[in-house]
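Engineer: Have a look at this prediction, sequence included:
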Amino acid sequence: MVIGLKVYLDIVFILNYCFDFILLFFVSYILKRRVKIKRIILGALIGSISIFFLFIKLSSISLFLLKILISILMTITTFGYKDLNYFKSNFIYLYIISILLGGILYFLEITFSYKNSGILFFNNGLSINFIILILTAPILTYLYLKEMKNYKNTYSLIHKIEITLDKKIYTYNAYLDTGNKLKDPYKNRPIILIYDNKVNFNYENSILVPYKTLENEGLIKCKKIDYIKIDNKVINIKVLVGLSNKKFGIEGINCILPNIIKEEFV
């Protein structure tokens, strides 16, 4: 006896798109990425392409590699590519959240769709998904705990900053460096460091502030800030902004806040 099976492609596409949109939205929210909604929409559309693989005869390995490729395209389309660490964090969190949400869906499915007796669930034979879950659970748990610890130690110190300088508004992802006590020696003003190729200070109209680290020493070109907001809160202290010649060591960060500013918004 042949049983017909109807597949409503439009419904499957919409459900898959909604799931991908939620994934990308949560990654953006958790990692505090400043991503426009249209980029999340485009990334979700790219992710939804994977449903068409169901209608192509592919080996398990080929299907797996294609899904990895789609995930990479989703990540880069939505968040861009700044460096390897930035991409890696976005990619890992995409899969961590996907696993968590997928686990919830799996739980609902076995709760409402499978026959059960006590705590045992029956499905025709031992599902390959169950075997994969048992084998990968220790690895996934380790990655999850490692990333959560990294989030606690790093991302909790990330803030959105808005600077008005020479009547132009700049927004950055800023890291609160509790060890940064850099101030100008003239009026004792704290200095916010930024790395931005679009901003350039001339020596003629800059405040030159000397600095010294373990590696080198020199002068930082600084300017007065007209207006500053951190996490949408106005900061009412006099601050200078200085240009950094090198990228900062934390992925996705292009601004370093001095420790004294913490008292204004924490």
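Structural biologist: Okay, I see it.

Engineer: so Asn173 sits in a strand?
Structural biologist: Yes. Using DSSP: H, G, I helix; E, B strand; the rest coil, the assignment for Asn173 is a strand.

Engineer: Hmm, Glu251 and it touching each other?
Structural biologist: No. Look at Asn173 against Glu251 with Cβ atoms under 8 Å: they stay out of range, at 9.8 Å. Using the backbone N, CA and C atoms, a C-beta is placed for each residue, glycine as well.

Engineer: so what sits against both of these two?
Structural biologist: Residues within reach of Asn173 and of Glu251 at once, by Cβ atoms under 8 Å, 6 or more residues apart in numbering: there are none.

Engineer: Please identify the buried residues of stretch 66-81?
Structural biologist: Ile70, Ser71, Met74, Thr75, Thr77, Thr78, Phe79 (16 or more other Cβ atoms under 10 Å).

Engineer: Wait, the third one touches Leu45, no?
Structural biologist: No. Contact between Met74 and Leu45 fails when scored by Cβ under 8 Å: they sit 9.2 Å apart.

Engineer: which residues do these two both contact?
Structural biologist: Joint contacts of Met74 and Leu45 (Cβ under 8 Å, 6+ apart) do not exist.

Engineer: can you tell me which of the buried residues of stretch 66-81 are in helices?
Structural biologist: Counting by DSSP state H, the part of those found in helices is Ile70, Ser71, Met74, Thr75, Thr77, Thr78, Phe79.

Engineer: Need the phi and psi values for the spatially most central residue of the chain.
Structural biologist: A centroid search over the chain (Cα atoms, centre = their mean) returns Leu31, at 3.7 Å, as the residue closest to the centre. Reported as degrees, to the nearest 10, the phi and psi values for Leu31 are phi -90, psi 0.

Engineer: That one touches Asn90, doesn't it?
Structural biologist: Yes. Contact between Leu31 and Asn90 holds when scored by Cβ under 8 Å: they sit 6.8 Å apart.

Engineer: residues near Lys181, how many?
Structural biologist: If you count neighbours by other Cβ atoms under 10 Å, Lys181 ends up with 11.

Engineer: what about the nearest residue to it once chain neighbours are set aside, neighbour count?
Structural biologist: If the residues on either side of it in the chain are set aside, Lys181 comes closest to Asn259, at 5.9 Å by Cβ to Cβ, 6 or more residues apart in numbering. Residues contacting Asn259 under the criterion other Cβ under 10 Å number 14.

Engineer: so who does Asn259 touch?
Structural biologist: Leu176, Asp177, Thr178, Gly179, Asn180, Lys181.
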